[in-house]
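Enquirer: Predicted model and sequence below, questions to follow.
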Amino acid sequence: MKIPKHILFVIVISQFCCTSLWFAGNAVMNSLVETFNLQENALGYLTSAVQFGFIGGTLLFALFTIADRFSPSKVFFFSAILGSVFNFACILNNQTLFSLMSLRFFTGFFLAGIYPVGMKIATDYYNKGLGKSLGYLVGALVIGTALPHLLKDVLVDYSWKIVLISTSALASFGGLIMLLFVKNGPYRKASKTLNLSACYTVFKNDNFKKAAFGYFGHMWELYTFWAFVPVLLSIYKDLHPEIKFNIPILSFIIIAFGGFSCVFGGYISEKIGVQKTAFNFLLISCFCCLISPFAFQVSNEYLFIGFLIFWGMVVIADSPLFSTLVAQNAPVKDKGTALTIVNCIGYSITIISILSIDSLKAITNSNYIFMILALGPILGLFALKTQKKEAD
C-alpha cells in the first residue's frame, strides 16, 4: 500500500512543534521563580509537575483506551490545543506555586495525547519500516524538547514570556496540521468498546513484555541523563576551573544531537533488525554509564564534551526501536493503549531514577553515583537477550 509522502513529514513536524511544550517551563524556570517570588525549592516541584501530569495522563488515556476508540489525529489535535492553553497560562499575573504546578501538571497531562498518540498514528500508516518512521518521530521529540532551551538563549534580550508564547503557538500549529493533513491510517483497527483490562492484558504476550522491560531499562537511564547534563558539565567546570564554556548551549547540543541518532538508528534497524539494533545501542549506553566517572578526569574539554555528545546520541537512539518492538508485539486494536501504558510505566521509572541520583548527590560528592544509571540498561539487555527472534 502506497502511503502519501507528506504523511511522515507532517507527523514529524507536528511532534516537533507540540513536544516543545515539555521543557518550556524548565527553560524559563528561574524567571518564574524570580517573577512570582517563589522559594528556591519550587524548581524541583515545577520540574516534577510535568512528569507527574504525563504519567497521570498516560494512565487515564491507556485505561480508557482513548487512542484506540477515537480518531488519534483528533485526540492529538485537542491535546495540543489544551496543552498550549495551560502552557500559555503560566504568563498570567499573580501566579502562586500551586497555580504554576497545576498548570505544568495539566500541560504534562495533555502531552499524553501527543507523544504516544503520535507514535500510534505512525503505526497506523507504517507497517513495514516502522523502526525508521518512529526514528524520525522520536528524533523530532528530542529536538522539540530541547528547543525551549535554545529559544531562551536566543531570546535572552526579550521577556521570558516570549518563550511560553512561542511554544504554545508552535504546539497549536502542530496540532492543527495533524488534524488537517493526517487522517486515520490504513492499518488502523478501531476498538469498538471500552476495554478497561487492555492496559494489562497486553503484557500476557511474552515478547511484548520483554520489549517493554527493555524500554523500562532504557528509561531508567535516559531522563536522568538528560536532567543531569547541566550538572555533569558543572562538575567538570569545578574540577577544571581554567576551562570556560556555555552550559545552556552545550546542554542543548548534547540533548539535540540524540534526535539525529534516532533517525540513524532507524535506518540501521532496516539492515540488521530492530531488536539487534536496540540491543547494541543499549549496550553502548550502558558502557557510557560505567565509564562516566572516569571521564571527569580528562583534562581536554573537547574530549569530555565529545563523550557527552556521544552518550547523548546512544542513550536515545534505541527509544524508537523499543516503541517499534512494543507496537509489533501488541494486538492491532490495542496498539495505542499498549504504547501509552508502556510510556506511563517508563516515565514513572524516570522519576525514581532522577530522585535516586539526586538524593545520592546530596549525601556524597562522588561521581561514581552516575554508574547506577547502568542498572537499567543491564536489566533491559537481559530482557532483550531472552526475547524470541523477531520477524522483521
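Expert: Perfect, thanks for sending it.
Enquirer: Report the buried residues of stretch 69-78.
Expert: By neighbour count on 16 or more other CB atoms under 10 Å, the buried set for stretch 69-78 is 69-70, 72-77. For the C-beta atoms, the positions are set from N, CA and C on the backbone; glycine is no exception.
Enquirer: Which of the residues you listed fall in helices?
Expert: Mapping the buried residues of stretch 69-78 onto helices (DSSP state H) picks out 69, 72-77.
Enquirer: Quick check: which of those has the minimum pLDDT.
Expert: In terms of pLDDT, residue 69 ranks lowest among those, with 86.
Enquirer: For stretch 264-279, C-alpha coordinates in CSV please.
Expert: Only the C-alpha atoms of stretch 264-279 are listed here, as CSV (Å, rounded to 0.1, in the frame of the first residue of the first chain):
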residue,chain,number,x,y,z
PHE,A,264,20.3,6.9,12.1
GLY,A,265,19.2,4.0,14.3
GLY,A,266,16.0,3.6,12.3
TYR,A,267,18.0,3.1,9.1
ILE,A,268,20.4,0.7,10.7
SER,A,269,17.4,-1.3,12.0
GLU,A,270,16.3,-1.9,8.5
LYS,A,271,19.6,-3.6,7.7
ILE,A,272,20.2,-5.7,10.8
GLY,A,273,16.8,-5.8,12.6
VAL,A,274,15.1,-3.7,15.2
GLN,A,275,15.8,-5.9,18.2
LYS,A,276,19.5,-6.3,17.4
THR,A,277,19.9,-2.6,16.8
ALA,A,278,18.2,-1.7,20.1
PHE,A,279,20.3,-4.2,22.0
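Enquirer: Can you pick out the most distant pair from the ones in helices among the buried residues of stretch 69-78?
Expert: The largest separation in those, counting by CB to CB, is between 69 and 77 at 15.9 Å.
Enquirer: which stretches of the stretch 1-150 of the chain have low pLDDT?
Expert: Residue ranges of the stretch 1-150 of the chain with pLDDT under 70: 1, 40-41, 43-44.
Enquirer: what's the spacing between stretch 138-148 and its chain's center?
Expert: 8 Å (CA atoms, centre = their mean, to the nearest Å).
Enquirer: The nearest residue to residue 151 once chain neighbours are set aside: what's it in contact with?
Expert: Nearest residue to residue 151, sequence neighbours excluded (CB to CB, 6 or more residues apart in numbering): residue 163, at 5.0 Å. Neighbouring residues of residue 163 by CB atoms under 8 Å, 6 or more residues apart in numbering: 24, 27-28, 148, 151-152, 155.
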